[in-house]
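Have a look; sequence and predicted model below, questions after that.
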Amino acid sequence: MKQVLDRRYQTRPLQNWNKCRELRLKYYQDVASARQQGKLLIGGSAGGLSILPSGLGNAVWFGGETYGATVGADPAFSYPCMEATEAAGLGRDTCVYFRNYFGSMLLDKYYFGGSFPKADFYVQSHSCDVHSKWYQAASEHFGVPFFGIDMPPGPWGEDRTEERVNYFAGQLLDAIDWMEKVSGRKYDDEKFARAVINEWESARLWAEICVLNQTVPAPLDQKSMLVLFLPMMVLRGTDRSLEFYRELKAEVEERVRDGIAALATERYRYLHEGIPPWHFLRVFRILEEYGAVSLGSLYMFAMAGHWDVGEDGVWRPLPPFERLGVQFKNREDIARFYAETYIGNINYQGSFWSAAVKSRQVLQIYDQWHAEGVVMHLNRGCKGTGGYMLENRLELIKAGIPVVAYEGNAADRRDFDEAQVIDRLESFVESQGLTKISRE
Amino acid sequence: MITAGVDVGAETVKVVILKDGEVLASSIVKAGLDRQKSAEEAMGNALNAAKISKSNIQKITATGIGRKEISWATDMVTEIAAAAKGANKLFPSARTVIDIGAEESRGVKVNADGKVIDFAKNEKCAAGVGSFVESMSRAIETTVEQMGPLSLKSDKIIPMNVTCVVFAESEVVSLIHAKQTKEDIARAIHEAIATRTTSMVRRVGIEKDIALIGGVANNPGVIERLTQHLGTAPLVPKDPQLVGALGAALLAAS
C-alpha cells in the first residue's frame, strides 16, 4: 500500500540544467568538427591532463571516459562497439569505457554522427591500469604521436611530495616541449596559467556545490549531479566551465536559502557509491518512489572537486586561488602547481590505492552529508574506482551503517540484471522501513 | 480479518489464506508462462479449500519475482520481507533465515519482530538453488525427489565446481565417466549447494536459530550438508515453500 505523506518540500527544476546539456552537446560537436575548423584535436583521459595543451591555443581535448560512458548509456550503439573491441582480441574484463571508445573507433562510428574523430596526437598519464595503453593503442590505430606520462603511485606517505611532484612536473614540461614539436605551435604560458587557475576555481566551486547538498532537504539529487559534473570532465580549465559552475553555485545557494528540494518527498538520505550504471540511471528514480534521495558519492565528489581533507578527516572545499598566495613566475612554477594538484586528487590518493583510506573517506562523507544508508554499485567495468568495494562495505557495516550492494557494469548492459537489481534495491528500502509514496 | 499472500516464484505459485492470523487454506501450482493465470489457478484452489470467495478477502499481498504481474493484489512486498515475516511467525527464535527457491537463494538477518536487519542474495548464477538440483538430477538420471535420499546413502566428499550450473553439469558428466556412484555424486551436488549457501549467509552473519525455508528445504540431502556447514541443524517447517506466501499474508494483515 502506498503511503500518503503529510509533508512535502517545495521543488522546482534546475535553471542550469538545459545549459549544462547544451554545453555537453556543443562539446561533442566541437570534437567532431575541430580539425575542419583548423583546431588541434588532442586525445586522452576525460579530465585528465586536458588542460596541458591549453598553451597551444585553439585546441579541443577529446576525453575518452566520458565518451565511453555516453556510448555505454545506449546499449543499441554500445553492443556492436564492445563486440568489435572483443573481436580485436581484448578481454571482456578490460575497462568498459575503453571497450566502448575503442570499438566506436574500430567501427569508425562517432556516437554524435559521422566518422570517429581522429586526434592529432595523444597525451596521457598512467592514472590507472588501462589509461596509457588505451591512448597508445588509439595513436597506433591512427598513426599519430603519443606521449605517455608516468604517474607516481599514491597515496602520499611521509616521504612524499618533493620527489613525486618534481618527477611528475618534469614530465609535464617534457610533454610541453614535445607538443610544440609535433604541433609546430609555440606554447603560451599565460594560456596555460589561465587554464590551471580556471580548473582550480571550477573544481573548488564543484566542491562547494557538493557541500551545499549537506542541507536537509537536499537541493540536488545525484542523478542530476552526474550530468552537472560533466563540464568539469570535458571542459576542464575553460572559461565556459568556470562560468557554468559560478552560475550553478549561485542557483544552488538560492535553492538552499528558499528550502527548495530536489525530491519533494525526501525522507531518507543515502549515498550511491561507485560509478553508476549509465544505461540504467533509473536506479535513482526507483528509490525516489520511496522518498529516498541520493546525495552523492566519493567518486562524484572527488573526481571533479578540489578538497582539503585535514587531519580531522573533514572534507572542505579548497580556498579560492587568489587566497593561496601563489605567484607563477615561469612555466616551471605552473607545471609544479599543476602536478601537485593533479596527483593530490582525492581519488588518486585514496580510492585507487587503499581500501582503508577509501573506507575512511566514505564514512566521513556519510557523516558530513547526513546520510542514513549506502547503496553500492559493484561496477565490474572499472578496476580503479570499483576497487575495494566489498572491503568498504564491511567497514560500513562495522560502523552500523545499512548497506546494500548490487552487481553491474557502468557501461556494459550485458553485465546488468535489471530484475535482480530492482529486487535488491526494493528489499533494501523495505528493510529501512520505507514504503512507496503515493503521488497524491 | 481475512488476508491472502501470493508468492509468484520462478517454478511455482503459492497462495496462503489467513483468517485472523491463522491459516485457512493454501495452494501450490506450477508456474506457467502466464503467471497471472497460474496465480488465478492457485488462488482458486485455495479459495475452494477455504470455502470462501475472493470478495471475502480484505487484502491480498503479492511477493516473489513475478509479484508485479498480479494485477488483483492490493499490495506488494519483496521476497526478503515476506520470508522474514513468515519465518518469524513459525520460528520466533530464528535470527537467520535461509530461503532457497528455484532460482534464488537468500540469507536474511531478522530481529525478534521479523524485521529485516540485513540480507544477501546469490549472484547471477543459479548454482546452489533449486533449478541446479533439478538440472543435476537429470544429469544422473534420477528424479529431483530422489536426490536427497540418494545422497544420504553416501559418506564420500567429492569437491565440485560451485560457480556455474553449466560447468557443474560438465563436472557431473566427468564424475559419471569416472565411475562415481549416483549416491556420491548426489552428495557432492548437495555439498556444493551447502558451501555456496553458507558462504552467502556469512555475508550477513550467522546467528542462531537458523530457519531454512523455500522448496529446497524439502531436500534432506541439502539439510544434512547445511547442518554440517552451519554447525547446527536448521529449523525446517512442514511446508517450507509456503513460508513466503505466509509472510505476505501476515504483512497484508499488519
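Everything's here; your move.

Please count neighbours and contacts with C-alpha atoms only from this point.
Fine.

tell me the phi and psi of the nearest residue to residue A:355 once chain neighbours are set aside?
Excluding the flanking residues, the one nearest residue A:355 by Cα to Cα, 6 or more residues apart in numbering or on different chains is residue A:388, at 5.3 Å. Main-chain dihedrals, residue A:388, degrees, to the nearest 10: phi 70, psi 10.

For residue B:151, give me its contacts.
Under the criterion of Cα atoms under 8 Å, 6 or more residues apart in numbering or on different chains, the neighbours of residue B:151 are B:182, B:183, B:184, B:185, B:186, B:187, B:190, B:221.

Closest one to chain A out of these, please.
Closest approach between the contacts of residue B:151 and chain A, by Cα to the nearest Cα: residue B:190, at 24.6 Å.

Number of residues surrounding residue B:56?
11 (other Cα atoms under 10 Å in any protein chain shown).

Skip the chain neighbours and tell me the closest residue to it.
Residue B:56 sits nearest to residue B:2 (Cα to Cα, 6+ apart), 6.9 Å away.

How many residues are close by the one you found?
A total of 19 residues lie near residue B:2 under the criterion other Cα under 10 Å.

Quick check: the gap between it and chain A.
To chain A, residue B:2 is 17 Å away according to Cα to the nearest Cα, to the nearest Å.

Report the beta-bridge partners for that residue.
Counting by DSSP bridges, residue B:2 forms beta bridges with residue B:19.

Tell me where the longest helix sits in chain B.
Identified as the longest helix of chain B according to DSSP state H is helix B:182-202.

just checking, what packs against it?
Applying 3 or more Cα pairs under 8 Å, 6 or more residues apart in numbering or on different chains; DSSP states H and E, one finds that helix B:182-202 makes contact with strand B:105-110, strand B:116-121, helix B:130-139, helix B:144-152, helix B:165-177, helix B:220-230.

Apply 6 Å and report the result again.
The helices and strands touching helix B:182-202, judged by 3 or more Cα pairs under 6 Å, 6 or more residues apart in numbering or on different chains; DSSP states H and E, are helix B:144-152, helix B:220-230.

in the first one, what counts as buried?
The one in question is helix B:144-152. B:144, B:147, B:148, B:150, B:151, B:152 (16 or more other Cα atoms under 10 Å in any protein chain shown).

now the angle from it to helix B:182-202?
Helix B:144-152 runs at 100 degrees relative to helix B:182-202, counting by axes from the mean of the first three to the mean of the last three Cα atoms, to 10 degrees.

what does the last one give?
In this structure, helix B:220-230 runs at an angle of 50 degrees to helix B:182-202, with the same axes, to 10 degrees as the basis.

Dihedrals phi and psi, residue A:307?
phi -120, psi 150.

Relative to residue A:179, which of the contacts of residue B:151 is nearest.
Nearest to residue A:179, judged by Cα to Cα, of the contacts of residue B:151 is residue B:190 at 63.6 Å.

if we can go back for a sec, does the residue nearest to residue B:56 touch residue B:21 like I think?
No: applying Cα atoms under 6 Å as the test, residue B:2 and residue B:21 come out as separate, 8.2 Å apart.

And stretch A:186-206, what's buried?
A:187, A:189, A:191-206.

Tell me which stretches of chain A form strands.
With DSSP state E as the criterion, chain A has strands at A:10-11, A:40-44, A:59-63, A:121-125, A:146-149, A:260-261, A:268-273, A:292-294, A:307-309, A:315-317, A:373-379, A:403-408.

Against residue A:434, how distant is the closest residue in space to residue B:30 that isn't next to it in sequence?
Excluding the flanking residues, the one nearest residue B:30 by Cα to Cα, 6+ apart is residue B:12, at 4.4 Å. Distance, residue B:12 to residue A:434, by Cα to Cα, to the nearest Å: 28 Å.
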